[in-house]
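Trainee: here is a sequence with its predicted model. Questions after.
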Amino acid sequence: MRPPVRRRPADLVDAPFRLAVLACAVLAGWALWTGGALDGPVARQVRTSSVYAAPGVDLDRAAAERVIGNRRLVVILLEPGADLRGACHQVERAADGTVVLVLSRDGDDYDTYGCALLPRRDKENFGRAAVAEMTVGRGIDAFVGRPLEALKVATVNYDLLVKSGTVPDGARTISPSLPRYLLAAAAIVGVVAGATGLYIGGRRAGRLAATRRSRRDEHADDRSALSAAAAVLAQQIIDLDQRYALADRRPGGFDRNFGRRYLRLTSEYAELLDGITAVDGDDEAAVRELTERVDALSRRARSIAGVRPEKS
């Protein structure tokens, strides 16, 4: 039997991150596709406008857009000999829900192709779509040299289709696709979540920094206390050393008990100096232990010198 696989903390973070990146990539691709990233120039124009005029076609596009207004009508004027049916297929997604009239001048007439992109046009509304396609371009051949007047005629035909109930009434609304809304929402959520994460992370980092600084200050204080206590002990050793050097000259001879205690004290002091030199300043327990040893030796030095210990 195989032992269970232990997942590292990095793996637990990595997997959701990869899934989030993949989801964002899919969402971005969906937004680009539905937003018209692969559209041609005609579809890109009619996605946000009701009129398209090919280069070389003499048409006041601003005036034409004012004529159509917010009707669900799209008029495309192409150069002579263009593929009208192909243009209609190009705008199926960009002009969905509208009646599209594609025009191209053919001598003294207009070559026309209509496509009614109505809801359910391939089912119960198939007949209405066919009527709209045949009706919307009637009468425009009389205005071959005046495309703006031809567009006005197409607009009148569209209004008649609406009054007869062939084409549903209502204004054309142009709004961003759903993926764009989702991307905008994801961006807002990402910004808010990122700002919140930075705020929380900053506060946590600040608390950790303050705690570390406080610990460093405490360690510095403990180290200073150890150094001060060691300096006091060193002065006591120096005083006892002078007394030890003069011990033979005193009346009554050398005090063996004093000498034995002094030598033991200096031996332990030498060992203590090695510990003080090697101790790490961040090792709080070691510093405190050495401070206690220094204090103990300092009390012994006072005892050897004949000084009574202080009452605590």
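Mentor: Looks like it arrived, so ask away. Residues are numbered from 1 along each chain as shown.
Trainee: correct me if wrong: residue 95 contacts residue 48.
Mentor: No: using Cβ atoms under 8 Å as the test, residue 95 is too far from residue 48 to be in contact (10.5 Å). Just so you know, the C-beta spots here come from the backbone N, C-alpha and C atoms, and that holds for glycine as well.
Trainee: now residue 105: which helix or strand?
Mentor: strand 99-106 (DSSP states H and E).
Trainee: quick check: what element follows that strand along the chain?
Mentor: Assigned by DSSP H and E, the successor of strand 99-106 is strand 109-116.
Trainee: residues of that next one that come out buried?
Mentor: 110, 111, 112, 113, 114, 115, 116 (16 or more other Cβ atoms under 10 Å).
Trainee: contacts only, for the last one.
Mentor: What that stands for is residue 116. Contact partners of residue 116, counting by Cβ atoms under 8 Å, 6 or more residues apart in numbering, are 99, 100, 128, 129, 130, 132, 133, 136, 167.
Trainee: same check on the second one?
Mentor: Taking Cβ under 8 Å, 6+ apart as the criterion, residue 111 is in contact with 80, 84, 103, 104, 105.
Trainee: contacting residues for residue 135?
Mentor: 157, 160, 161, 166.
Trainee: for ChimeraX, write the select line for the buried members of the contacts of residue 116.
Mentor: Buried members of those, defined by 16+ other Cβ under 10 Å, are picked up in ChimeraX with:
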select :99,100,128,129,132,133,136,167
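Trainee: Throw the contacts of residue 135 into CSV and include neighbour count, distance to residue 296 and pLDDT, thanks.
Mentor: Formatted as CSV, these follow (neighbours: other Cβ atoms under 10 Å; distance: Cβ to Cβ, whole Å; pLDDT from 0 to 100):
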residue, neighbour count, distance to residue 296, pLDDT
157, 20, 111, 91
160, 14, 112, 92
161, 21, 108, 91
166, 21, 108, 89
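Trainee: neighbour count winner among residue 95 and residue 48?
Mentor: More crowded of residue 95 and residue 48, by other Cβ atoms under 10 Å: residue 95, with 25 against 9.
Trainee: just the pLDDT for that one.
Mentor: Each residue has a pLDDT score; the one for residue 95 is 83.
Trainee: residues contacting it?
Mentor: 43, 46, 47, 74, 117.
Trainee: who wins for neighbours among the residues you listed?
Mentor: Most surrounded of the contacts of residue 95: other Cβ under 10 Å gives residue 74, at 27 neighbours.
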